[in-house]
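1. sequence plus the predicted model coming up.
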Amino acid sequence: MTILEVCFSPSLGGLELYCLRTAYQLQWRRHKVILWARKGSLMEKHPLAKELNLHTFRQPGYFDPLFLKKAAQIIRAEKIDVIHLHRSRDMASLAPLKSTPKIFTLQIESTLSKKDLFHRFVCKRTRECRFNHRFAFLL
């Protein structure tokens, strides 16, 4: 299985370390894993990232046609089976891509209401949402 792990966070805390560890564990289980991170982020510089197939991008906007076009090309070329997203903002930037199933793992608490038109659009295009769930052990 080819899995795309996406986390465009500029920081390096629990969320980002979870993303790195998940990608590493999935790779150790013989899955092909590709990690997309923010260019210049602390995650990019982490030693674990050097053992992964890492691609860096600038932070995409909520609707970024140039990023979507490039992302779609890479996803087709790499034959991605599933996209694992770690931040709701990243989920929003890839929501218009319908062809590949997306899984969203929420690792931090959010007190904002997600019932507006924008969030309904984004969540409708996401196959599954997991809240504090260990995705790496499901595959």
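-> Sure, I can see it.
2. mind pulling up the pLDDT for Gly40?
-> pLDDT for Gly40: 92.
3. show me what contacts it?
-> Gly40 makes contact with 10, 56, according to Cβ atoms under 8 Å, 6 or more residues apart in numbering. Where C-beta positions appear, they are placed from N, C-alpha and C, glycine not excepted.
4. how about it, secondary structure?
-> coil (DSSP: H, G, I helix; E, B strand; the rest coil).
5. ok, the closest residue in space to Val33 that isn't next to it in sequence to Ile74 distance?
-> Of all residues not flanking Val33 in the chain, Gln27 sits nearest, at 4.4 Å (Cβ to Cβ, 6 or more residues apart in numbering). Noted for Gln27: a distance of 18 Å to Ile74, by Cβ to Cβ, to the nearest Å.
6. repeat for Leu106
-> For Leu106 relative to Ile74 (Cβ to Cβ), the value is 25 Å.
7. who's more crowded, Gln27 and Ile74?
-> Taking other Cβ atoms under 10 Å, Gln27 and Ile74 do not tie; Gln27 has more neighbours (18 against 15).
8. buried residues in stretch 19-38, which are they?
-> The neighbour-count check on stretch 19-38 (16 or more other Cβ atoms under 10 Å) flags 19-20, 22-27, 31, 33-38 as buried.
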